[in-house]
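Colleague: Please find the sequence and the predicted model below.
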Amino acid sequence: MPKTTLDAKQLAAVLHMKPYTITDYTIRHPERLPPFIKLPTGKPLWFEEDVQAWLEERRIKVLPPQQSPTDFSRKWW
C-alpha cells in the first residue's frame, strides 16, 4: 500500500502553522520539522506516518503524559 504524503500546505494545517513558515523552515531550520524528502523539483514532501511519529515523540519529550499544564494539584509557590 502506498504511503500518504503531505505537501507544505497540508503539513502547515497539521502543525497549525503558515505554509510560508514550513517553507522557510525547510531551508533555514529543517531540524524544527518532521523528516522530509525533497523531490528533484525541490518540493519537500512528508510521509504522514513520519509526521505522526514525530508529533508523538515531541509530545512525550515536551510534556510527559502524567503531567498536565492545567494540573493545579501541586502548588509551586
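Modeller: Perfect, I can see it now. As the structure is a computational prediction, the values presented were derived from the model and not from experiment.
Colleague: in the longest strand anywhere in the chain, what counts as buried?
Modeller: Assignment by DSSP state E gives strand 44-47 as the longest strand of the chain. Neighbour-count burial for strand 44-47 flags Pro44, Trp46, Phe47 (criterion: 16 or more other CB atoms under 10 Å). To be clear about C-beta, it is placed using only N, CA and C from the backbone, and glycine gets the same treatment.
Colleague: Which residues outside it are in contact with it?
Modeller: Contact with strand 44-47 is made by 3-8, 11, 26, 33-39, as judged by CB atoms under 8 Å, 6 or more residues apart in numbering.
Colleague: For the worst-scoring helix or strand of the chain on mean pLDDT, list the C-alpha coordinates in CSV.
Modeller: When the helices and strands of the chain are scored by mean pLDDT, DSSP states H and E, helix 48-62 comes last with a mean of 84. This file holds the C-alpha atoms of helix 48-62, laid out as CSV (Å, rounded to 0.1, in the frame of the first residue of the first chain):
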residue,chain,number,x,y,z
GLU,A,48,2.1,11.1,7.1
GLU,A,49,3.2,8.3,9.3
ASP,A,50,6.6,10.0,9.9
VAL,A,51,4.7,13.3,10.9
GLN,A,52,2.5,11.4,13.3
ALA,A,53,5.6,9.6,14.9
TRP,A,54,7.4,13.0,15.1
LEU,A,55,4.5,14.6,16.8
GLU,A,56,4.1,11.8,19.3
GLU,A,57,7.9,11.9,20.1
ARG,A,58,7.7,15.7,20.7
ARG,A,59,4.6,15.3,22.9
ILE,A,60,6.4,12.9,25.1
LYS,A,61,9.6,15.0,25.3
VAL,A,62,7.8,18.3,25.9
